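Student: Sharing a sequence plus its predicted fold:
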Amino acid sequence: MSRITLSKLCHNVRINQSRLVTLCTRNASTSTPQDQETHTGQKFDPKDYRLARFVDRPKNVNPNFSIKLIEEAPPKSCKDRVVFCDGGSGPEGHPRVYINLDKPGNHSCGYCGLRFYKDGHHH
């Protein structure tokens with residue numbers, strides 16, 4: 001930390017001493033945050049030290065888990081034996097992956113989880 005920044009910080013502490021006491025008191029709350037379960041089933045123990053970052057703040061967990069969104073997308077029908085998945089175009093996607101569709105059933109991409117199947121599976 002530079003001397004200028006440190007001197008400004010000390011100056012602000014002296015001027016705003018009453019605000020600093022209020023700020024420190026507010027941050028020393030004893031309330032325990034509500035722990036929400038994630039898509040992997042992760043839920044911290046109430047005494048876990050990692051919950052300290054959520055004191056006086058909600059732990060935001062996105063209820064739209066990606067695995068649910070992928071399951072909602074229907075599998076893509078293909079006529080070729082080998083297809084590729086690039087997850088989109090350019091910077092939006094992932095490296096191109098080739099998927100063999102010789103065996104019957106759905107075959108998923110290892111990166112994004114999109115599913116493919118061979119239409120009219122006859123050899």
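Tutor: That came through fine.
Student: Look up the closest residue to V97, ignoring the ones flanking it.
Tutor: Spatial nearest neighbour of V97, chain neighbours left out: C85 (5.3 Å); criterion: Cβ to Cβ, 6 or more residues apart in numbering. Bear in mind the C-beta positions are built from the backbone N, C-alpha and C, glycine included.
Student: got the contact list for the one you found?
Tutor: 96-97, 99, 109, 111-112, 114, 116 (Cβ atoms under 8 Å, 6 or more residues apart in numbering).
Student: among these, which ones are buried?
Tutor: Listed as buried from the contacts of C85 are 99, 109, 112, 114, 116; burial here means 16 or more other Cβ atoms under 10 Å.
Student: Please tabulate those residues in JSON lines and include distance to K47 and secondary structure as additional columns.
Tutor: As requested, these are exported to JSON lines (distance: Cβ to Cβ, whole Å; DSSP: H, G, I helix; E, B strand; the rest coil):
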{"residue": "I99", "distance to K47": "46", "secondary structure": "strand"}
{"residue": "C109", "distance to K47": "41", "secondary structure": "coil"}
{"residue": "C112", "distance to K47": "38", "secondary structure": "coil"}
{"residue": "L114", "distance to K47": "41", "secondary structure": "coil"}
{"residue": "F116", "distance to K47": "47", "secondary structure": "strand"}
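Student: And the strands in the chain?
Tutor: 76-78, 82-85, 97-100, 107-108, 115-118 (DSSP state E).
Student: highest average neighbour count across the ones you listed?
Tutor: strand 115-118 (a mean of 18; mean count of other Cβ atoms under 10 Å).
Student: Give me the packing partners of it, helices and strands only.
Tutor: strand 76-78, strand 107-108 (3 or more Cβ pairs under 8 Å, 6 or more residues apart in numbering; DSSP states H and E).
Student: For V55, which of those strands is the nearest?
Tutor: Checking the helices and strands packed on strand 115-118 against V55 by Cβ to Cβ gives strand 107-108 as the closest, at 40.2 Å.
Student: Run through who's touching that closest one.
Tutor: By Cβ under 8 Å, 6+ apart, strand 107-108 touches 99-101, 114-117.
Student: for the contacts of C85, which one is nearest F65?
Tutor: When the contacts of C85 are compared against F65 (criterion: Cβ to Cβ), the nearest one is C112, at 14.4 Å.
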